[in-house]
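K.L.:
model this:
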Amino acid sequence: MRINKLSVFFVFLLSFALFTTSCSDSSPRDILTDYLNDPDYPQDYWVTSTPSAQGMDEKILEDFNIYINDNRYPMHSVLIIKNGYLVYERYGFLNNPETLHILNSSTKSFVSALIGIALDEGKVGALSDKMLSYFSDMSIKNMSTAKKNITVEDLLTMRSGLEWDDQQIFYEYLNAPNAVQYILDKTMVSSPNTKWFYNSGSSHLLSAIITKAAGKSAEEYAKIKLFSPLGITRFNWEADQQNINQGGVGLAIAPRDMAKFGYLFLSKGKWKDKQIISEDWVTTSTAVHSDTYWAGDYGYHWWVPNSDCFASQGANGQNIYVYPDKNIVIVYTAELPVETADSTLLKLNTDFIIPAIK
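P.N.:
As a prediction, the model looks like this:
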């Protein structure tokens, strides 16, 4: 069966190449291939259902497919969980249910969840803990009263006041001999908890705090406290040169497992009747704590695009949307333009998926 599936992919590639060369209108419309209930890729957790059985209009979802294809959006996967059932699962561009997908900045929401777990366990004392208390063994440049006052919460809300520009120094800090040192040495440009500024360095410091507090890497802590309870067994998490897992980017998991993470938060931190993350943390971390200079508000490493949902968003469209009142989780992986990816996916939700709910 797997050989047959690969053959289908090669046929698709050939067909797509012919289409792009000839610009013919006869190209196949099923660029996103339906994998729901595919026997080659049995479900490891999800019980499947049809959209109609879970109160969704299948005609609108078909229009959704056509719209994606007509606009030639480079979607790698789209999954919909409705009422706890996997009702829609499609993949494109040679991706399938086994493909591990790099999450980019959606990694940040996983780091936030680990901070919540560490707080519940008492490994991290409090959100009001001074950040530098976890790095007391380090000599830090550009020290100031403002830097001493940065808290764990300031890192979560991206209101630390540290000088930062992701676009200019992203790879510089990732490739630094000591990335944590590089971030801590930055000068302050504002007082803590006064201005929101997107800062993947803050996320990396949170990963380092987890390592310090839990006595193990963020990856190992996640494996024990988050991934294993959710049945996530296949993942990869890149680390810096000091073996600190990248807090802002770097985690790769399969879309079905992204859906598990979203559903855990939809279920207020409970999984199979076990509280994995406290309900208080789920509520607090996904609430609005900052307005931003981008579209949407910001929580604790979660975005709040509007009052109906919260979202984990990674560059180019590695997004998890949770709509609590609609009892729905939507997962995308894609290679959309970074400037428009989030607005494109949110529009797909608001124009098609949410209206499909009867």
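K.L.:
List the residues that contact I117.
P.N.:
I117 makes contact with 221, 225-226, 276-277, 281, according to C-beta atoms under 8 Å, 6 or more residues apart in numbering. From N, CA and C alone the C-beta is placed, and that goes for glycine too.
K.L.:
Can you show me the helices along the protein?
P.N.:
In the chain, the segments counted as helices under DSSP state H are 2-22, 58-70, 107-120, 145-148, 152-157, 166-174, 179-184, 200-214, 218-222, 228-230, 255-266, 279-285, 341-348.
K.L.:
which ones are touching the most centrally placed residue in the chain?
P.N.:
For the chain, the residue nearest the mean C-alpha position is S106 (2.5 Å; C-alpha atoms, centre = their mean). Each residue near S106 by C-beta under 8 Å, 6+ apart is listed here: 251, 258, 312-314, 318-320.
K.L.:
Also A214?
P.N.:
118, 123, 221.
K.L.:
Most neighbours out of those residues, which is it?
P.N.:
Y221 (23 neighbours; other C-beta atoms under 10 Å).
K.L.:
got a pLDDT number for the nearest residue to that residue once chain neighbours are set aside?
P.N.:
Distance criterion C-beta to C-beta, 6 or more residues apart in numbering; nearest residue to Y221, sequence neighbours excluded, is A214 at 4.7 Å. Per-residue pLDDT puts A214 at 97.
K.L.:
before we move on, the earlier item: mind checking how far the residue nearest to the centre of the chain is from D165?
P.N.:
Relative to D165, S106 is positioned 21 Å away (C-beta to C-beta, to the nearest Å).
K.L.:
Could you do V322 as well?
P.N.:
V322 is 30 Å from D165, by C-beta to C-beta.
K.L.:
Same question for N142.
P.N.:
For N142 relative to D165 (C-beta to C-beta), the value is 16 Å.
K.L.:
Kindly report the same for Y263.
P.N.:
For Y263 relative to D165 (C-beta to C-beta), the value is 35 Å.
K.L.:
between those two, who's got more neighbours?
P.N.:
For Y263 versus D165, neighbours defined as other C-beta under 10 Å are more numerous around Y263 (21 against 10).
K.L.:
and that one, what is it in contact with?
P.N.:
Contacts of Y263 by C-beta under 8 Å, 6+ apart are 81, 84, 329.
K.L.:
Swap in 10 Å and give it another go.
P.N.:
Counting by C-beta atoms under 10 Å, 6 or more residues apart in numbering, Y263 touches 45-46, 81, 84, 86, 230, 271, 320, 322, 328-329, 331.
K.L.:
Give me the buried entries from those.
P.N.:
Taking 16 or more other C-beta atoms under 10 Å as the criterion, what is buried in those is 46, 81, 86, 230, 271, 320, 322, 328-329, 331.
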